[in-house]
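**Student:** Task: produce atomic coordinates for the following.
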Amino acid sequence: MYHAIVRQKLQKVFDDLNHGEYEGVLQQLAPQFDHVFFGAHALGGVRHTVQTYRLWFERLFRLFPDIQFEVKNIVVKGWPWDTIAAVEWVDQLKTRDGNVHHNAGVHIIRFRWARVAEIRIYHDTEKLAEICQRQAATGLEEGVAPQIVD
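**Tutor:** The predicted structure follows:
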């Protein structure tokens, strides 16, 4: 039953993100957490504070206001004091030049007593770096801005 509840909550998070809503994610964070987004691009880096993670989400939705996630699989393992979840997804977004792009990835999320302690996002980093460059080439300079880290 516990695993089913975690799966439902994670599906809701991605449904909310599809509407540009991320405050629910921030409210689920443990006092100490890591948000790791791999890659040498404007969205890459590591964050440890709610303020910095909020700035990251704001950048994500400025760069890709229409991003949509299709959740393929959610796997949950562990007990409430130490739970690991994997969320496999495919995204779709449109760049300012009108081209539609897709990427695929996995979020690995560790919960400690129902609070998010770690989020590690694995995806095609080269593809995302290229898409960020494309956004910058159309005038959205934030596509090549320094990473938001703390």
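**Student:** Please count neighbours and contacts with C-alpha atoms only from this point.
**Tutor:** Fine.
**Student:** what about the residue positioned nearest the centre of the chain, distance to residue 140?
**Tutor:** Against the mean C-alpha coordinate of the chain, by Cα atoms, centre = their mean, the closest residue is residue 121 at 6.6 Å. Using Cα to Cα, to the nearest Å, we find residue 121 at a distance of 24 Å from residue 140.
**Student:** residues of the biggest helix by length in the chain that come out buried?
**Tutor:** Counting residues, the longest helix in the chain under DSSP state H turns out to be helix 2-17. Within helix 2-17, the residues scored as buried using 16 or more other Cα atoms under 10 Å are 3, 6-7, 10-11, 13-17.
**Student:** which helices and strands sit right next to it?
**Tutor:** strand 68-79 (3 or more Cα pairs under 8 Å, 6 or more residues apart in numbering; DSSP states H and E).
**Student:** ok, the residue nearest to the centre of the chain - contacts?
**Tutor:** 36-38, 105-108 (Cα atoms under 8 Å, 6 or more residues apart in numbering).
**Student:** what's the answer for residue 94, then?
**Tutor:** By Cα under 8 Å, 6+ apart, residue 94 lies in contact with 64, 66-67, 100-101.
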